[in-house]
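K.L.:
Here's a sequence, model it:
(one chain, ligands or ions: 1)
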Amino acid sequence: MLRTKSVRNLYPIHNFFSLRGFSASTKFRSFEEDAVSFERTVLKRQSARSFIEKDVPHDVLQHILGLTQRSPSGYNLQPWVAIVINDPEKKNKLHEVCLSQKKVLEAPISVIFAANHNVLENVDEVVRMEYESGNWNKEYAERTKRLATTFLQTGPCHTLQVAKYIFTSILSYIKPITQAPVNIKAYTWKSAMMAAMTFMLAASSHNLSTHAMEGFDERRLKQLVGLPSHYSIPVVICLGYSDEKENTSSRLPTDHVYRENDFEVPMQDINSFNNKK
Ligand SMILES: Cc1cc2nc3c(=O)[nH]c(=O)nc-3n(C[C@H](O)[C@H](O)[C@H](O)COP(=O)(O)O)c2cc1C
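P.N.:
Model (predicted):
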């Protein structure tokens with residue numbers, strides 16, 4: 001289908017930068033420049049141990065959150081929400097619930113990424129949007145909805161999901177088939193963490209620092225922000241400015257992490273960005 005969206009709508013960054021008076025907004029850069037700038041964004045991201053007293057401009061936050069939503073999810077179901085904590089009183093309570101990690105008090109903003117275990121909640125809306133925008137034709141939209149429902153409908157006490165898992169595991173000996181996820185929490189955390197990572201990289205591209213945390217009392221945190229029981233929280237991320245100098249944390253040897261075609265075959269000659277030997 002012929003798309004009628006303008007470049008401006010397809011690339012909201014053009015809006016962001018033109019609003020701030022950058023003329024480069026209309027220029028397209030080369031892929032090499034993009035790769036270098038992405039490398040800078042990735043390497044700049046480090047878990048800030050402290051934040052300075054400086055607010056995050058509202059339009060910058062809006063831009064980061066807008067980009068975060070472009071992260072992918074299975075069947076595009078987007079089973080997550082992000083709760084932005086910017087109220088000082090809430091922040092104090094969040095600090096307590098996050099086991100008094102001082103970065104929560106210092107950072108002007110913290111974002112709670114929460115995964116929705118009611119994973120089919122958005123299916124009708126997503127199918128409608130994709131169909132109406134012309135991304136999916138009627139047949140594809142119906143098929144996707146059918147597949148997602150078959151794959152993810154859990155039934156009472158997840159019994160259906162366990163039955164489907166056993167059935168698909170046995171069927172896999174006969175033909176290739178995706179095993180239905182028996183752990184819906186793990187399933188939804190995949191998508192929620194994709195969003196969390198996108199958020200951190202978007203922040204880094206704005207010279208902002210982040211710190212992901214799993215050290216918090218989930219029960220109290222859910223209560224603090226009124227999250228319904230079918231949500232769980234994989235991560236909370238502090239956001240703000242930091243004056244720490246670059247301190248690249250260590251990574252395992254690349255041939256330990258990357259294998260070529262087979263688990264037993266280490267992949268060679270991958271760039272390592274460890275700055276310490
Ligand atoms: C899911 C996740 C949870 C984390 N939880 C905490 C935490 O509760 N407290 C903390 O100080 N750091 C936490 N971290 C930060 C890690 O310690 C840090 O990412 C790691 O040491 C690598 O350092 P870097 O992020 O600077 O590259 C967490 C990171 C991730 C990805």
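K.L.:
Only C-alpha atoms from now on, for both contacts and neighbour counts.
P.N.:
OK.
K.L.:
From Ala48, how far out is the closest residue in space to Lys44 that isn't next to it in sequence?
P.N.:
In this structure, Lys44 finds its nearest non-sequential neighbour in Ser204, 6.3 Å apart by C-alpha to C-alpha, 6 or more residues apart in numbering. Between Ser204 and Ala48 the distance, using C-alpha to C-alpha, to the nearest Å, works out to 11 Å.
K.L.:
Asn247 now?
P.N.:
From Asn247 to Ala48 the distance is 10 Å (C-alpha to C-alpha).
K.L.:
Please identify which of those two sits among more neighbours.
P.N.:
Under the neighbour definition other C-alpha atoms under 10 Å, Asn247 and Ala48 were set side by side, and Ala48 has more, 23 against 14.
K.L.:
So that one is in contact with Ser242, correct?
P.N.:
Yes: in this structure, Ala48 is within contact of Ser242 by C-alpha atoms under 8 Å, at 6.7 Å.
K.L.:
so what's in contact with these two at the same time?
P.N.:
Each of Ser209 lies in contact with both Ala48 and Ser242 under the rule C-alpha atoms under 8 Å, 6 or more residues apart in numbering.
K.L.:
so Lys102 touches Asn92, yeah?
P.N.:
No: using C-alpha under 8 Å, Lys102 is not in contact with Asn92, being 10.3 Å away.
K.L.:
Run through the bridge partners of the closest residue to Met213 other than its chain neighbours.
P.N.:
Spatial nearest neighbour of Met213, chain neighbours left out: Val236 (5.2 Å); criterion: C-alpha to C-alpha, 6+ apart. Taking DSSP bridges as the rule, Val236 bridges to Ile112, Met213.
K.L.:
what's Val236 in contact with, if anything?
P.N.:
Taking C-alpha under 8 Å, 6+ apart, one finds 110-113, 212-214 in contact with Val236.
K.L.:
Based on its surroundings, how many neighbours for the residue in the stretch 51-200 of the chain positioned nearest to the ligand?
P.N.:
Nearest residue of the stretch 51-200 of the chain to the ligand (C-alpha to the nearest ligand atom) works out as Gln101 at 7.4 Å. Residues near Gln101, counting by other C-alpha under 10 Å, number 16.
K.L.:
Lys164 now?
P.N.:
21.
K.L.:
try the one 4 residues further on
P.N.:
The local packing count at Thr168 equals 18, with neighbours defined by other C-alpha under 10 Å.
K.L.:
ok, how many other residues are close to His256?
P.N.:
Residues near His256, counting by other C-alpha under 10 Å, number 11.
K.L.:
Please save the CA atoms from the one helix or strand it maps to in CSV.
P.N.:
In the assignment (DSSP states H and E), His256 maps to helix 254-257. This file holds the C-alpha atoms of helix 254-257, laid out as CSV (Å, rounded to 0.1, in the frame of the first residue of the first chain):
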residue,chain,number,x,y,z
THR,A,254,34.3,-12.0,23.3
ASP,A,255,35.0,-15.6,22.5
HIS,A,256,33.3,-16.7,25.7
VAL,A,257,30.1,-14.8,24.7
